[in-house]
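turn this into a structure:
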Amino acid sequence: MPFELQDYQRLFYELLYLIPFDVADDDYSVLDKHIPHLEELDRLGKSAVSVFDLYKKTHLYTSPSYRNRLGLSEGLNNGHDGFERLMHPDDLFIITKSGYLFMKMV
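Predicted structure coming up:
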């Protein structure tokens, strides 16, 4: 029986919550230094950039192109589940399977 979306989602979240992360609050200041470079990459490369925090399980940064393509408001924190609701079901399956395989490799 082939795997379905719910199977990969379950496996992904099981792995996501098994991996221990120990992050100090001051570690987050590093992101502020990189945001100008991420925005330049977004502008020059026509890229959509997102930084996902594996510790807090949420997106810390989404570039303007990313927000525009998904119709997100500035400063809106949708978390991982919020982004899943915006994806086409076929894309969601591929992204979820890829995310699971990446987390398994890590």
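
for L41, see how far away E4 is.
From E4 across to L41, the span is 35 Å (C-beta to C-beta, to the nearest Å). Where C-beta positions appear, they are placed from N, C-alpha and C, glycine not excepted.

now stretch 33-40: buried residues?
Of all the residues in stretch 33-40, those buried under the rule 16 or more other C-beta atoms under 10 Å are L38.

put the alpha carbons of the helix or strand harbouring L41 into CSV.
In this structure, L41 sits in helix 29-45 according to DSSP states H and E. Written as CSV, here are the backbone C-alpha positions of helix 29-45 (Å, rounded to 0.1, in the frame of the first residue of the first chain):
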residue,chain,number,x,y,z
SER,A,29,20.4,37.7,17.2
VAL,A,30,22.4,36.1,14.4
LEU,A,31,19.4,36.1,12.2
ASP,A,32,19.2,39.9,12.3
LYS,A,33,22.7,40.1,10.7
HIS,A,34,21.6,37.9,7.8
ILE,A,35,18.2,39.5,7.0
PRO,A,36,19.7,42.2,4.7
HIS,A,37,21.5,39.5,2.7
LEU,A,38,18.4,37.4,2.5
GLU,A,39,16.4,40.4,1.3
GLU,A,40,19.0,41.1,-1.3
LEU,A,41,18.9,37.5,-2.5
ASP,A,42,15.2,37.8,-2.7
ARG,A,43,15.4,40.9,-4.7
LEU,A,44,18.2,40.0,-7.1
GLY,A,45,17.6,36.2,-7.5
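
so for E4 and L41, which residue has more residues nearby?
Between E4 and L41, counted using other C-beta atoms under 10 Å, L41 has the larger neighbour count: 16 against 10.

quick check, D42 in contact with S63.
Yes - judged on C-beta atoms under 8 Å, D42 makes contact with S63 at a distance of 3.7 Å.

quickly list what's touching both of these two.
Counting by C-beta atoms under 8 Å, 6 or more residues apart in numbering, the contacts common to D42 and S63 are A48, V49.

give me the buried positions along the helix or strand E14 falls within.
Assigned by DSSP H and E, E14 belongs to helix 5-18. Across helix 5-18, burial judged by 16+ other C-beta under 10 Å covers Y8, Q9, L11, F12, Y13.
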